[in-house]
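Asks: Okay, here's the prediction I keep looking at, along with the sequence it came from:
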Amino acid sequence: MMMRRMGAVFLAVGLTVLAGLSAHAASGTTALPPPDPTAKNLTPYMIQLRAFDACLVTQSRLMSTTREAVHTPCSCYAKGTVGAMTKDEIQAFRDTGYFNDSARAKGLGFIDRCKLKRPV
């Protein structure tokens, strides 16, 4: 039961990450979601897991396929994006629960590089 709750929390936060990414990609003036207090103490690996989970959900929907089918490209995206983030970008994620502008730009680059669809 606890694992199911944790999964739901990660999924919700992950969707917030990608929602922020897609909202910013659509318009620089779009309001971002409120800060996520659960992100405060996340390690880079935990941030990577959130990005990966959000990618699986979003990309499987965008590509009308299964999560298993986008597993490898989403792994590429999450590892690449978080691996390219600076200490300041990691801290900004911890403060807000979503990628800041510079991390978002890196994320979009990895969406392209890993052959995923950009959220609209």
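Replies: Sure, I can see it.
Asks: number of nearby residues for the spatially closest residue to E89 that is not a sequence neighbour?
Replies: Setting aside the residues directly before and after it, E89 is nearest to A103 in space (Cβ to Cβ, 6 or more residues apart in numbering), at 4.2 Å. All C-beta spots, glycine's among them, are computed from the backbone N, C-alpha and C. Taking other Cβ atoms under 10 Å as the neighbour definition, A103 ends up with a count of 24.
Asks: wait, A103 sits on R94?
Replies: No. At 11.7 Å, A103 does not count as touching R94 under the criterion of Cβ atoms under 8 Å.
Asks: Now K40: closest residue in space, sequence neighbours ignored.
Replies: R94 (5.6 Å).
Asks: I'd like to know how many residues surround that neighbour.
Replies: Taking other Cβ under 10 Å as the neighbour definition, R94 ends up with a count of 18.
Asks: Pull the contacting residues for V70.
Replies: When the contact criterion is Cβ atoms under 8 Å, 6 or more residues apart in numbering, the partners of V70 are C55, L56, Q59, S60, M63, L116.
Asks: Which of the residues you listed are buried, as a PyMOL select command?
Replies: Restricted to the buried members of the contacts of V70, where burial is judged by 16 or more other Cβ atoms under 10 Å, the PyMOL selection command reads as follows:
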select buried, resi 55+56+59+60+116
